[in-house]
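**Q** make a model of this:
(one chain, ligands or ions: 1)
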Amino acid sequence: MNYSHRAYLNTLEILAWQQRNPRAADSTPACPRLPDWASLQSRVAACTACGLHSSRTQTVFGTGSRTASLMVIGEAPGFHEDQQGEPFVGRAGQLLTAMLKSIGFERSQVYIANILKCRPPNNRDPQPEEVAQCTPFLDQQIILIQPDVILAVGRIASHYLLKTRSSLESLRGKVHSYSDRQIPLIVTYHPAYLLRNPIDKKKAYVDLRFARTLLQPSGASTNGTIPLSAQQTLSRTQT
Ligand code: SF4
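**A** Numbers count the residues shown, from 1 in each chain. Next up, the predicted model:
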């Protein structure tokens, strides 16, 4: 294990596997101990690493299947999420649920999390120091889930996950790669944006279909064709 790898594990508070008796060495490579859900969840619940802890009602850890093939990552809890302790509830959450259903996923089949675990006051953008303090938790969630595809919703999540400042529009329609784990990552609009700009729902649906093709062994392309039933599902969601 090189220094940078060990430093990364230390940052995440992951204990590196250490050999008890070097003289008993064999050729088996060292394995880091994986974080576990219970300790991760309790560390998030007790976290006071940035100023957002003082104004939160509760932390918003994440929800869904811990063996999900698809992981959805958004920005930060809003008012309803802060109240209920679950990401993507309220109208934006209903729309996300409809979007997932339109590509064949129940909400419970994916894992949904945010960059930040506490609500920024008045839903302002996360500050760089808040992102720096909080994202090791998200990184550990990704390590535990090992999703096949990540769907980044919105500008803030996309910028953090891809380490870029490019416009969201320019990031759409491509298969990106998340970190050195090289997890395929697709960018789309945040549901809250879509509530304000319903005309872009069709573009979001194309993005989701694109992500869906990456999860299908056939890799079948949708060519951007939107079935009428799915369009109706999305347009029925209140805007
Ligand atoms: Fe801790 Fe993240 Fe909440 Fe800040 S936003 S207090 S780093 S859990």
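
**Q** number of residues surrounding residue 146?
**A** 14 (other CB atoms under 10 Å). To be clear about C-beta, it is placed using only N, CA and C from the backbone, and glycine gets the same treatment.

**Q** I'd like the next helix or strand past the longest helix along the chain.
**A** Of all segments of type helix in the chain, defined using DSSP state H, the longest is helix 128-145. Once helix 128-145 ends, the next helix or strand along the chain (criterion: DSSP states H and E) is strand 149-153.

**Q** dump that next one to CSV, keeping only the CA atoms.
**A** Extracted C-alpha coordinates of strand 149-153, given in CSV (Å, rounded to 0.1, in the frame of the first residue of the first chain):
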residue,chain,number,x,y,z
VAL,A,149,-23.9,3.3,-12.2
ILE,A,150,-24.1,6.6,-10.5
LEU,A,151,-26.7,9.2,-11.5
ALA,A,152,-25.6,12.7,-10.5
VAL,A,153,-28.6,15.0,-10.2
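
**Q** that older thread, using CSV, write out every CA atom in the longest helix of the chain.
**A** The C-alpha trace of helix 128-145 is given here as CSV (Å, rounded to 0.1, in the frame of the first residue of the first chain):
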residue,chain,number,x,y,z
PRO,A,128,-16.5,24.4,-0.2
GLU,A,129,-15.5,23.7,3.4
GLU,A,130,-18.8,22.0,4.1
VAL,A,131,-18.3,19.8,1.1
ALA,A,132,-14.8,19.0,2.1
GLN,A,133,-15.9,18.0,5.6
CYS,A,134,-19.0,16.0,4.6
THR,A,135,-18.1,14.1,1.4
PRO,A,136,-15.9,11.5,3.1
PHE,A,137,-19.2,10.1,4.4
LEU,A,138,-20.6,9.9,0.9
ASP,A,139,-17.4,8.3,-0.4
GLN,A,140,-17.8,5.6,2.2
GLN,A,141,-21.4,5.0,1.2
ILE,A,142,-20.2,4.5,-2.4
ILE,A,143,-17.5,2.1,-1.2
LEU,A,144,-20.1,0.1,0.6
ILE,A,145,-22.7,0.0,-2.1
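
**Q** quick one: list the elements packing against it.
**A** Using 3 or more CB pairs under 8 Å, 6 or more residues apart in numbering; DSSP states H and E, the elements in contact with helix 128-145 are helix 37-45, strand 70-74, strand 111-114.

**Q** what does that helix rub up against?
**A** 11-14, 34-37, 40, 43-44, 47, 49-52, 62, 66-68, 71, 73, 111, 113-118, 120, 126, 150, 160, 178, 181, 183 (CB atoms under 8 Å, 6 or more residues apart in numbering).

**Q** for the helices and strands packed on helix 128-145, which one sits closest to residue 187?
**A** strand 70-74 (10.5 Å; CB to CB).
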